[in-house]
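J.: my questions are about this predicted structure, shown below with the sequence.
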Amino acid sequence: MPIDHPLLTERHASWAGAFQPRPALRTFTVRDPASGAALAELPELGAAEAQLAVDSAAAALAQPPTLGERRRWLLEIAAELRAERDALAAIITAENGKPLAEAQGEVDYAAGFFEEAARHVESLAPTELPSRPRGLRWRIHHRPAGVAALITPWNFPLAMLAKKLAGALAAGCPSVAKPAELTPLSCIALFSLLHRLRLPPGTVNLVFGRAAEIGRVLCERPEVRVVSFTGSTAVGKLLAAQCAPGVKRLALELGGNAPFLVFEDADLELAARELLANKFRCAGQTCVCANRVLVAEPVAEAFAERVRVAVAALVVGPGCDPETDVGPLIDRRGFDKVQRLVTDALAGGARALVGGPAPEPIGGAGCFFPPTVIVGVTPSMRCAREETFGPVVPIGTFRDEAEAVRASNDTEYGLAAYVFTRDAERAERVAARLRFGHVGLNTATGPTPEAPFGGMGQSGLGREGGLDGVLEFVELQTCPVAED
Ligand code: NAP
C-alpha cells in the first residue's frame, strides 16, 4: 500500500530551500521489503538536478552562518527529530524493514549527532597562538571547507545522513544529500522537517535517482570540496578516483568484516548476549555486525550451543509487528548473496546448527532469511572473507592468542572488532594489535554520536561523531598578522 504521511506529502528533490517538482522521464519505485508492496513512486533524477542542487549550495557559501546560528539550527533539528520520532521510525521501518523499536533507536541516534555537533561548534571559534613567532600575531581560523556532498546507504536511512549533515552544518558547509535508491523516504521526511526551520536557501539540498550520474557531478564540481560517503568499498574507491583530479577531501565509511573473538576465559553468557544484539540488528545488515565469530577451541562447542539456543528463539517477521526480532533483508539481491555464502560454507564442510539455506524467500515477496548459526567455518570460506550482510552467525575456532589476532587481521577491511576475555591485560594487548577503527572489549556495542568512529585499511578514511566528525568539514586557515 502506498505510504501516506504528513512528512511525505512531497516526493521530490530539494534545493533553494524548497522541494522542487520536476518532470522526469522515468520514475523508480520504493518498496516495503517485508511485502514487496510499492510504497512510493519517485522521479529518477540525474546530472541536471545534481547541478542545480550544487548551484544552490554554492550560492549559500557566500554567507557562511555564524557559530551561534549553526548551534541553534543543530539543536532545533535534534528537537524536531525527537518530536517526530515515532513518525520517522514508521517510515524507516516501512522502507528498510527493520523492527520498529530499532527504527526508533535510529531516530534517537540520529538526533544525538546533531546534539553532539552543537556541543563542538564553539570550539571552531578562531584561536590565536599564545607566543608571537617572528614578532607577529598568528590567528587560526576554522573555515567551512566548501560544499559537502553526502552520499548514504540504505541500512540506516536516517542516521547515516544525520552523521554527515550534523558535521557539515556545524562546520558551516552547505550540502547536497544523495540517499540510497532503496530508502529515500526517510531522507525526504527529514527534509520536510528541515524546511520547517527555514534555514537559509541552499544550506541543505537533496537529490536522488541515477547514482553514477549524480556522483560524477558531485565529485567533479569544483565548489564541492568534501565528499562524505558511506557505502560499499567498491563505490568508495570509484568516488576516490573521481575526486582525485580535484584534490577533494574524502570521508569514506566503507565495508567491514568484523571479527568477534571469544577467549577461553570469557564470560560466555555475556559474549552470547552481546553477539545476538550486535549480529541481528537490521537483520545482520550493518557494517559493524560480527562477520566472523572466532572462539577458543576449548569453549567453542559450549559457546555455539548457547548461541544456537538464543538464535532459535528469534522471531522473524515484518518490522511493524512488535513481536518481530529480525525483519526482512533489504531486497532479493541481498537475500541471494546471503544464500550463496551459506551454501558455499556448507559445501566446504561447515554445519548449520539452526537455520540454513532457504530455497525461496519465506513469506512470499518479502526476503526473510532464517536466522542461522553455522559451525566449522574456516578462513578461506566466502562467509569469512566477504561481508555477509544477513542474519547468519559463522563460527570458527582458534588455538591461541597469536592465531586469533592473525586471523582477525587477515582481511583488507578494518572497521569493527570485538574481544571477549576476563583478562584485562589480554584485552588491551589484543586491541593494540588489531587493525580496526572500533574495538569493543567485552561489549559488542557499535558507534555512539559522542565518539569518533571510522575504519582502518579499506574500511575507510576519516571519522564521524565527536569533534572529529565536525573537523572533516573544516579547513584550517592560518593568518599571521603584522601590527603597527
Ligand atoms: P553502495 O551500493 O555503495 O551504495 C551506497 C550509496 O552510494 C547509495 O546512495 C548509492 O546510490 C550510491 N552509489 C552507488 N553507486 C554510485 C556511484 N557510482 N556514484 C555515486 N554514488 C553511488 O552501498 P550499499 O549496498 O547501499 O550499502 C551497504 C554497504 O555500506 C556495506 O558495504 C556496508 O558495510 C557499508 N556501510 C558502511 C558503514 C560504515 O560506517 N563504515 C555504515 C553503513 C554501511 P543508489 O542506492 O541510488 O545506487
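T.: Yep, it's here. Numbers count the residues shown, from 1 in each chain.
J.: distance check, the residue nearest the centre of the chain against the ligand.
T.: Closest to where the C-alpha atoms of the chain average out (C-alpha atoms, centre = their mean) is Met160, at 4.5 Å. The gap separating Met160 from the ligand is 6 Å, by C-beta to the nearest ligand atom, to the nearest Å. No exception for glycine: its C-beta is placed from N, CA and C like everyone else's.
J.: contacting residues for that residue?
T.: Going by C-beta atoms under 8 Å, 6 or more residues apart in numbering, Met160 touches 152-153, 230, 253.
J.: which among the residues you listed are in contact with the ligand?
T.: Among the contacts of Met160, the residues within reach of the ligand (C-beta under 6 Å from any ligand atom) are 152-153, 230, 253.
J.: biggest helix in this protein by residues?
T.: helix 100-120 (DSSP state H).
J.: that one near the ligand anywhere?
T.: No - Helix 100-120 stays clear of the ligand (C-beta under 6 Å from any ligand atom), getting no nearer than 11.8 Å.
J.: so what does the next helix-or-strand element following that helix touch, helix or strand wise?
T.: Sequence-wise, the next helix or strand downstream of helix 100-120 (DSSP states H and E) is strand 127-128. Helices and strands touching strand 127-128, by 3 or more C-beta pairs under 8 Å, 6 or more residues apart in numbering; DSSP states H and E, are strand 137-144.
J.: and the helices in the stretch 351-484 of the chain?
T.: 382-385, 401-409, 424-433, 466-471 (DSSP state H, counting those that start in this stretch).
J.: how far out from the middle of the chain is the last one?
T.: Relative to the centre of its chain, helix 466-471 is centred 16 Å away, using C-alpha atoms, centre = their mean, to the nearest Å.
J.: same question for the third one.
T.: Averaging C-alpha coordinates over helix 424-433 and over its chain gives two centres that are 27 Å apart (C-alpha atoms, centre = their mean).
J.: give me the mean pLDDT for that helix.
T.: The average pLDDT within helix 424-433 is 98.
J.: what comes up buried for the strand or helix carrying Ala89?
T.: Using DSSP H and E, Ala89 falls within helix 85-96. If you call a residue buried by 16 or more other C-beta atoms under 10 Å, then helix 85-96 has these buried ones: 85, 87-96.
J.: ok, and what's touching that helix?
T.: 3, 5-8, 30-33, 39, 81, 98-100, 103-104, 106-108, 111, 154-155, 157-158, 182-186, 189-190, 282, 319-320, 327, 330.
J.: restricting to C-alpha, output it in PDB.
T.: Extracted C-alpha coordinates of helix 85-96, given in PDB (Å, rounded to 0.1, in the frame of the first residue of the first chain):
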ATOM      1  CA  ARG A  85      10.400  10.100  16.500                       C
ATOM      2  CA  ASP A  86       7.500   7.700  16.000                       C
ATOM      3  CA  ALA A  87       6.600   9.100  12.600                       C
ATOM      4  CA  LEU A  88      10.100   8.900  11.300                       C
ATOM      5  CA  ALA A  89      10.600   5.400  12.800                       C
ATOM      6  CA  ALA A  90       7.500   4.200  10.900                       C
ATOM      7  CA  ILE A  91       8.900   5.500   7.700                       C
ATOM      8  CA  ILE A  92      12.300   3.900   8.300                       C
ATOM      9  CA  THR A  93      10.600   0.500   9.100                       C
ATOM     10  CA  ALA A  94       8.400   0.800   6.000                       C
ATOM     11  CA  GLU A  95      11.300   1.200   3.500                       C
ATOM     12  CA  ASN A  96      14.100  -0.600   5.300                       C
END
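J.: tell me the secondary structure for the residue nearest to Leu276 when sequence neighbours are not counted?
T.: Nearest residue to Leu276, sequence neighbours excluded (C-beta to C-beta, 6 or more residues apart in numbering): Ala310, at 5.2 Å. Counting by DSSP: H, G, I helix; E, B strand; the rest coil, the backbone at Ala310 sits in helix.
J.: let me see the contact set for Ala310.
T.: 272-273, 276.
J.: just the ones of those in strands?
T.: Members of the contacts of Ala310 lying in strands (criterion: DSSP state E): none.
J.: most neighbours of all those residues, which one?
T.: Within those, Ala272 tops the neighbour count with 24 neighbours, counted by other C-beta atoms under 10 Å.
J.: per-residue confidence for the nearest residue to that residue once chain neighbours are set aside?
T.: For Ala272, ignoring the flanking residues on the chain, the nearest one in space by C-beta to C-beta, 6+ apart is Arg306 at 4.2 Å. Arg306 carries a pLDDT score of 98 in this model.
J.: quick one: Arg306 is in a strand?
T.: No - looking at Arg306 with three-state DSSP, it is helix, so not inside a strand.
J.: how far away is it from Asp267?
T.: Per C-beta to C-beta, to the nearest Å, Arg306 is found 11 Å from Asp267.
J.: give me the more crowded residue out of the two.
T.: Neighbour count, other C-beta under 10 Å: between Arg306 and Asp267, Arg306 has more, with 18 against 14.
J.: so the more buried one sits against Leu270, correct?
T.: No - contact between Arg306 and Leu270 fails when scored by C-beta atoms under 8 Å: they sit 10.5 Å apart.
J.: overlap of the contact sets of these two?
T.: Contacts common to Arg306 and Leu270, judged by C-beta under 8 Å, 6+ apart, are absent.
J.: roughly how far apart are Leu329 and Val204?
T.: Computed as C-beta to C-beta, the Leu329 to Val204 distance reads 31 Å.
J.: again, but for Ala59
T.: For Ala59, the distance to Val204 equals 13 Å [C-beta to C-beta].
J.: what about these two, which has more around it?
T.: Using other C-beta under 10 Å as the criterion, Ala59 and Val204 rank with Val204 on top: 29 against 17.
J.: export the ones next to the ligand among the contacts of Met160 to JSON lines and tack on neighbour count and pLDDT?
T.: Below are those laid out as JSON lines (neighbours: other C-beta atoms under 10 Å; pLDDT from 0 to 100):
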{"residue": "Thr152", "neighbour count": "28", "pLDDT": "98"}
{"residue": "Pro153", "neighbour count": "21", "pLDDT": "98"}
{"residue": "Thr230", "neighbour count": "25", "pLDDT": "98"}
{"residue": "Glu253", "neighbour count": "28", "pLDDT": "97"}
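J.: let's see which of those end up in strands.
T.: Checking those against DSSP E, those in strands are 230, 253.
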